[in-house]
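K.L.:
Need the 3D shape of this:
(one chain, ligands or ions: 2)
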Amino acid sequence: MGKKGFIFDLDGVIVDTAKYHYLAWKNLADELGIPFTEEQNEQFKGVSRKRCLEILLEMGGLEVSQEQFNTWLVEKNNDYLEYIEKMNASEILPDVPKVLNYLKQHHVPMALGSASKNAKPILKKVGLIPYFNTIVDGTHVTKAKPDPEVFLIAAAELKVAPEDCIVFEDALAGIEAANSAEMISVGIGDRAVLTEAKYVFKDFTEIDINFIKQLAQL
Ligand code: BG6
Ligand code: MG
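P.N.:
Numbers count the residues shown, from 1 in each chain. Ligands and ions are numbered 1, 2, ... in the order given. Prediction:
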């Protein structure tokens, strides 16, 4: 077994932006008269912006022109950008720094693996850019989660074999992506949702540093 690499999803794992994505989609759904609950929002987690809008329109049984589609994509993102504009380090989820600091101190390679095209500005706002050896986001990938592309690119950039990578994810699509890349999947959230994850924790406060030590084989 070789050197280990850690890959983190962003939204809902490192920062609580999943709630802002939900609020921005909910605003658009309300405008279009499409009922949209937090439960339905689970399907949007880890999924590209474009695919989210397709799902929303399918839910509402709406077929629209390409032009209208693009207008709503921009509208949702502008709304989302207003939420994230005010973000700062206080929105890093509890005990995430504990894990990132430990890995950094032990020189374990770390990557960000996110579907978001807003990943870099968010990481900048919360001051976490220096932790990551590489940032792979929605601007780099052509195939969205559950396709493993984003994590495979991250592993290649870390120069770590996929089977030696550990992925932290809050989305079912992300867990599926990690599993199909043959990586170790760690779910952050609800066990009832993240059924296919190898390990599940409600949040990082439940993660003991010894668990990280074992995963990293330090
Ligand atoms: C993922 C989120 O991280 O990024 C999804 O879980 C979101 O909910 C996706 O749709 C794309 O994000 P963005 O910022 O490019 O619209
Ligand atoms: Mg996520």
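K.L.:
How about the contacts made by Phe44?
P.N.:
Shown in contact with Phe44 (C-beta atoms under 8 Å, 6 or more residues apart in numbering): 21-22, 25, 52, 55. Heads up, the C-betas are built off the backbone N, CA and C, glycines and all.
K.L.:
how far away is it from Ile129?
P.N.:
26 Å (C-beta to C-beta, to the nearest Å).
K.L.:
follow-up on the earlier one: can I get the contacts of Phe44 in a markdown table including pLDDT, distance to Glu82 and secondary structure?
P.N.:
Formatted as a markdown table, the contacts of Phe44 follow (pLDDT from 0 to 100; distance: C-beta to C-beta, whole Å; DSSP: H, G, I helix; E, B strand; the rest coil):
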| residue | pLDDT | distance to Glu82 | secondary structure |
| --- | --- | --- | --- |
| His21 | 97 | 13 | helix |
| Tyr22 | 97 | 14 | helix |
| Trp25 | 98 | 14 | helix |
| Cys52 | 96 | 18 | helix |
| Ile55 | 97 | 23 | helix |
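K.L.:
Give me the number of neighbouring residues for the spatially closest residue to His106 that is not a sequence neighbour.
P.N.:
In this structure, His106 finds its nearest non-sequential neighbour in Leu218, 5.4 Å apart by C-beta to C-beta, 6 or more residues apart in numbering. Other residues within reach of Leu218, judged by other C-beta atoms under 10 Å, total 12.
K.L.:
my guess is Leu218 contacts Gln105, does it?
P.N.:
No. Counting by C-beta atoms under 8 Å, Gln105 is not a contact partner of Leu218; they are 10.0 Å apart.
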